[in-house]
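>>> Give me a model of this one.
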Amino acid sequence: MSDQDEKIRKKKQEWEQGPLKKALGRFSYLQQAPARFYTPLDTKDHDFLGNVGFPGEYPFTAGIYPFDPMAGLSKLAAKAPTASGLTRAAMYSGYGAPEDTRDYYQQNIERGIRQGPNLAMDLPTQCGYDSDNPLMEGEVGKVGVSIDTLRDLEVIYEPYQGEINLDGIASNFTINAPAIYLIAMYVALAQKRGVPLNKLRATPQNDVLKEYIARGTYIFPPKPAMRLFRDTLVFINEHLPRMNITSMGCYHIREAGATRVQGLAYAMSIACAYLEEGVNAGVEVDAFAPRFTFNAMGGSMEFLNEIAFQRAARRMYARILKERFGARDPRSMLLRQPVTAMIGPFSTTKQRPLNNLTRAVVGAIAGALSGGPPAAFPPYDEPLGLGWSREAQQLAQDAGRILACEAKLLDVVDPFAGSYCMEALTDEIEEQAWAELDKLDKMGGIVPAIEQGYVQREVAKSAYEYQRRVARGDAQIVGVNCFIGEHELEVETTRLVPHPYDPERRAQAEEKQIANLGEVKRTRNDSDGKRLLLELEQKARNEEENLVTIMVECAKAYVTLQEVCDVLRGVFGEYEPPSIF
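Numbers count the residues shown, from 1 in each chain. So this is what the prediction gives:
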């Protein structure tokens, strides 16, 4: 310890026994200091170049780019309003039958929103079932759009023609267990339109491992599910150079109840498993890793911790790619995501929902200070039902604009770099995440840990403990368990336009979609479909076969999603969750 450090240590002891102890004595309900003060002792041996570096350079702690593009655009907003110059999908959306979602996108285009679809799909689609399956009654088109066959994708994309044909937009597909068939459908759609595959931009979520931990829309056991991931990786790498391979979700794991450290460790272990699939398939890591993305790393209302979390996540991911997988291309080491720090939708409340705007702004400030855009996500009416109102979207967009254009939060990149507090928090989160990742490695990786139920059990414990803290009042949520007296107000906004998701169309969607599917089944060539499904079964039994090409042919023959998944269920079996209690 240096002489300066020794002086600080002694002065800290004096402070703790003097001013701090005296202050605590004034408040009988406090057993210890409710706030922490950081000093150079908390960041001993700090190596700026090794642990932080410059924005856009390894280890990317300060950010994956030298600056956020919005920083430049925000300075021109009043002079020459312009788009970002980047091809991106629109906001997460989709409901009802394909015609309903098509009309929603057509309305967006008429309003000047020319971004491609960012498709939310209903639960039957996500779980590999058709709309006419009796078990799916009541679920068709409810939490997203229903997609049974290529015909449905054709309908959804009808508004995207000419300059905004498939080669002029980017699309996102929130689909995991049956992602391989949605990718095949999109390829088939492009081929039918004569669009070269090398011009397609899209991001399938294609992150099945987090489904076993968090969302639950799994179909097959983990090992065969990983085979399907491998097939998509190899096919995309060979034929679709502008398409991302996966959009991994630490966000979902944290929303399910995982702690900040658990979420980071599990997400990194999942990334390692996917990277290993590509390497084991004989693909150079630098050939495919640049097209690995994260849809989000999740968040909470803990402002400083979330900024530190983002910095730790970027550094950890970069080190994994460089040190564990031998990546040489810096692009392989970038933890890419559309937003950085945020509050996480689980932080929003149904009670006094306009408070969610304040919460989202806190998250947006954290985002700007953590190396990303000031995204006030989610819109305040997130907990009130499917789809955001136009009013909530406007307020969320304006919040980000105000923070960039008026508050100038993007004028400095990683402003907390070098802060005793921030560097200590960043180091603590990363160190704890490495310890948990090491535990998973000793189990054989994330797949065995899922098969044993370890990860699910740990997340469930954390979720339970969080709810207990809320119930006891140890975790405070304004308007939910505190500040709920009779004189508090429920503030509401004025509705200026109808909700973009028509409730009548939602109610009629199931009947409409079942009729749509019936018409497809009546008019398609059944003999072609049966032949292709038999070929699919044969190829599925051969581990060395890549299934994407045969699935493209199935899509063109209007074979349904469930027909494909049922063949695979017959070969792979279905996942049965282990007992975790």
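
>>> ok, and for the biggest helix by length in the chain, which residues are buried?
Ranked by residue count, the top helix of the chain under DSSP state H comes out as helix 420-443. For helix 420-443, a neighbour-count test (16 or more other Cβ atoms under 10 Å) marks 421-427, 429-430, 432-434, 436-437, 440, 443 as buried. All C-beta spots, glycine's among them, are computed from the backbone N, C-alpha and C.

>>> Pick the one among these closest to residue 234.
Checking the buried residues of helix 420-443 against residue 234 with Cβ to Cβ, the nearest one is residue 440 at 25.2 Å.

>>> what's around the residue nearest to that closest one when sequence neighbours are not counted, how many residues?
Once flanking residues are discounted, residue 440 sits nearest to residue 269: 4.6 Å by Cβ to Cβ, 6 or more residues apart in numbering. Neighbour count of residue 269, defined by other Cβ atoms under 10 Å: 24.

>>> Run through the residues that contact residue 269.
Neighbouring residues of residue 269 by Cβ atoms under 8 Å, 6 or more residues apart in numbering: 437, 440-441, 445-446, 449.

>>> mind checking how far the most centrally placed residue in the chain is from residue 241?
Closest residue to the average C-alpha location of the chain: residue 295 at 2.8 Å, with Cα atoms, centre = their mean. In this view, residue 295 and residue 241 are 21 Å apart by Cβ to Cβ, to the nearest Å.

>>> What are the buried residues along the least confident helix or strand in the chain by mean pLDDT?
In the chain, the helix or strand scored least confidently by mean pLDDT, DSSP states H and E is helix 69-74, which has a mean of 75. Residues of helix 69-74 classed as buried: 70-71, 73-74 (neighbour count, 16+ other Cβ under 10 Å).

>>> Quickly name whichever of those residues is closest to residue 38.
Nearest to residue 38 among those is residue 71, at 28.1 Å by Cβ to Cβ.

>>> That closest one and residue 314, how far apart?
Here the criterion is Cβ to Cβ. By it, residue 71 lies 18 Å from residue 314.

>>> go on, residue 103?
Per Cβ to Cβ, residue 103 is found 40 Å from residue 314.

>>> Please identify which of the two sits among more neighbours.
Counted by other Cβ under 10 Å, residue 103 and residue 314 do not tie: residue 314 has more neighbours, with 27 against 18.

>>> Would you agree the more buried one is in contact with residue 336?
No. Checked against Cβ atoms under 8 Å, the pair residue 314 and residue 336 is beyond contact range at 9.9 Å.

>>> what's the overlap in contacts for these two?
Taking Cβ under 8 Å, 6+ apart as the criterion, residue 314 and residue 336 both touch residue 64.

>>> Tell me who's in contact with residue 481.
Residue 481 makes contact with 470-471, 473, 475, according to Cβ under 8 Å, 6+ apart.

>>> so where's the stretch 1-150 of the chain uncertain?
1, 80-89 (pLDDT under 70).

>>> in it, which spans are helices?
Assigned by DSSP state H, counting those that start in this stretch, the helices in the stretch 1-150 of the chain fall at 3-15, 21-25, 69-74, 98-110, 123-126, 150-156.

>>> following the last one, which helix or strand comes up?
Going back to what we said before, that points to helix 150-156. strand 170-173 (DSSP states H and E).

>>> in its sheet, what does that following strand sit against?
Partners of strand 170-173 in the sheet, by DSSP bridges, are strand 118-119 (parallel), strand 201-204 (parallel).

>>> what number of residues lie near residue 247?
23.

>>> again with residue 315
Residue 315: 25 neighbours (other Cβ under 10 Å).

>>> separation between it and residue 285?
Counting by Cβ to Cβ, the gap from residue 315 to residue 285 is 19 Å.

>>> Who wins on neighbours among the contacts of residue 481?
Going by other Cβ under 10 Å, residue 475 tops the contacts of residue 481 with 16 neighbours.

>>> Is it correct that that one falls within a helix?
No. Read with DSSP: H, G, I helix; E, B strand; the rest coil, residue 475 is coil and lies in no helix.

>>> contacting residues around it?
466, 469, 481.

>>> And the pLDDT for the second one?
Right, the one you point to is residue 469. For residue 469, the pLDDT comes out at 96.

>>> Next one: it from residue 462, what distance?
To residue 462, residue 469 is 11 Å away according to Cβ to Cβ.

>>> tally of neighbours for residue 356?
That count, for residue 356 with other Cβ under 10 Å as the rule, works out to 28.

>>> Likewise for residue 29?
For residue 29, the count of nearby residues is 5 (other Cβ under 10 Å).

>>> With the one 10 residues further on instead?
By the measure other Cβ under 10 Å, the count of residues near residue 39 is 16.

>>> pretty sure it contacts residue 7?
No. Proximity of residue 39 to residue 7 does not meet the contact threshold set by Cβ under 8 Å, at 10.8 Å.

>>> quick one, strands of the stretch 451-581 of the chain?
Shown for the stretch 451-581 of the chain, no strands are assigned by DSSP state E, counting those that start in this stretch.

>>> And for the stretch 251-400 of the chain?
Using DSSP E, counting those that start in this stretch, the strands of the stretch 251-400 of the chain run over 292-296.

>>> between the buried residues of helix 420-443, which is nearest residue 224?
Sorting those by distance to residue 224 puts residue 443 at the head of the list, at 19.8 Å, by Cβ to Cβ.

>>> With adjacent residues omitted, what lies nearest to that closest one?
Counting by Cβ to Cβ, 6+ apart, residue 443 lies nearest to residue 449, which is 4.7 Å off, once chain neighbours are set aside.

>>> quick one: which helix or strand includes that neighbour?
In the assignment (DSSP H and E), residue 449 maps to helix 446-451.

>>> Which neighbouring elements make contact with that helix?
On a contact count with 3 or more Cβ pairs under 8 Å, 6 or more residues apart in numbering; DSSP states H and E, helix 446-451 meets helix 209-210, helix 222-239, helix 260-280, helix 420-443, helix 454-472.

>>> Distance to residue 290 for those - can I get that in CSV?
What follows is these, written out as CSV (distance: least, Cβ to Cβ, whole Å):
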stretch, distance to residue 290
helix 209-210, 20
helix 222-239, 11
helix 260-280, 12
helix 420-443, 22
helix 454-472, 27
